[in-house]
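> following is a predicted model, sequence given first.
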Amino acid sequence: MRRMVAETRLHPADLILPAFVREGITEPVPIQAMPGVVQHTRDTLRKAAAEAVEAGVSGIMLFGVPEDEKKDAAGTAGTDPDGILQVAVRDVRAEVGDELVIMSDLCLDEYTDHGHCGVLDADGRVDNDATLERYAEMAQVQADAGVHVVGPSGMMDGQVGVVRDALDTIGKEDVSILAYTAKYSSAFYGPFREAVGSSLKGDRKTYQQDPANLRESLRELALDLEEGADMVMVKPAGPYLDVVAKVAESVDVPVAAYQISGEYAMVEAAAEKGWIDRDRAIFETLTGIRRAGAQMILTYWATEVAQKLSAARV
Ligand code: PBG
């Protein structure tokens, strides 16, 4: 009876798998703070993509981790057509074609030696408008590599409009934009910083949102839609379900939520200690995010959950 009357259901197609690919490694490297998640080699990434397709996952969000010596102040590796992310996009596209929506993180933090999401001005502050020029270039090389969707995640003002223009200019009108619309300055990104080998020293408070604010997200939302966002995202997910709900009721574009590294790590760590039932906790967090109104969920458990959904009577 509960199954019959359930108001919210998870489906494999709701799930998008974020995945890391690291340059210059021959074996996958485990991420300590994210048990079960690795930095992939080019080869194991292809396998993970094929496995995600098999499980019914609908998309993959790719993050590139360049070799340390390739990081510089401008994040050059992020716009190199042979940079690790671009190479990985081509690999995954060759492996799965259009069976998986291939998305790419459009941000500089993985490639800058200072670890910020943009380039810096003479005072060491993130320079919004100079960063936009870099994002325009990134959008073009990622589109040329074959992504279906770019995900600008740097929270620079005007990023969606600039990316849209850059894509249209080179005839990539059909590449969509998943805008990181409400991205909060969160402690829960901690494990991700290990995952991408980030060199960040300070914080991202000058460009990411204050966890105290909800109305501000609605303003970011209006701007992103006006600039051409095709889909919008709230991130993190769990601590911001009210934001997800508000955004979902305000728009008619697809809404995504990103269950981030720290949300993953909390459940895995507590489960490892035997303090919670891992599988129930995972399904409960994801169901909560769906119930709040997110149609798509980025989660590191995507493939596993999709497999379980196909096998079980849910
Ligand atoms: C920025 C980016 C971050 C995440 C996704 N894109 C890190 C940040 O803003 O510091 C975090 C994802 C996660 O924690 O799982 N490129």
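Sure thing, it's come through. Numbers count the residues shown, from 1 in each chain.

> tell me who's in contact with Thr303.
Leu17, Ala48, Glu51, Ala52, Ala55, Val57 (C-beta atoms under 8 Å, 6 or more residues apart in numbering). C-beta: built from backbone N, CA, C; applies to glycine.

> I figured the last one hits Pro12, correct?
Yes. In this structure, Val57 sits in contact with Pro12. The criterion is C-beta atoms under 8 Å, and the distance is 5.8 Å.

> would you mind listing what in the stretch 151-300 of the chain touches the ligand?
Neighbours of the ligand within the stretch 151-300 of the chain, by C-beta under 6 Å from any ligand atom: Ser153, Tyr189, Phe192, Arg204, Ile260, Ser261.

> swap in 8 Å and give it another go.
Those residues of the stretch 151-300 of the chain that sit near the ligand, judged by C-beta under 8 Å from any ligand atom, are 151, 153-155, 180, 183, 186, 188-193, 195-196, 198, 200, 204, 208, 235-236, 258-264, 300.

> so of the residues you listed, which ones are in helices?
Those of these mapping onto helices are Gly190, Pro191, Phe192, Arg193, Ala195, Ser261, Gly262, Glu263, Tyr264, per DSSP state H.

> shared neighbours, Val57 and Pro12?
Ala306.

> the contacts of Thr303, buried ones only, as a ChimeraX selection?
The ChimeraX selection below is limited to those of the contacts of Thr303 classed as buried (16 or more other C-beta atoms under 10 Å):
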select :17,48,52,55,57
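
> now, which of the contacts of Thr303 lie within strands?
Residues of the contacts of Thr303 located in strands (DSSP state E): Leu17.

> dump the contacts of Thr303 to CSV, plus pLDDT.
Shown next, in CSV, are the contacts of Thr303 (pLDDT from 0 to 100):
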residue, pLDDT
Leu17, 98
Ala48, 98
Glu51, 98
Ala52, 98
Ala55, 97
Val57, 98
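
> now that we have the contacts of Thr303, can you turn them into CSV and tack on distance to Glu268?
Shown next, in CSV, are the contacts of Thr303 (distance: C-beta to C-beta, whole Å):
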residue, distance to Glu268
Leu17, 16
Ala48, 18
Glu51, 19
Ala52, 19
Ala55, 19
Val57, 19
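
> much appreciated, bye for now.
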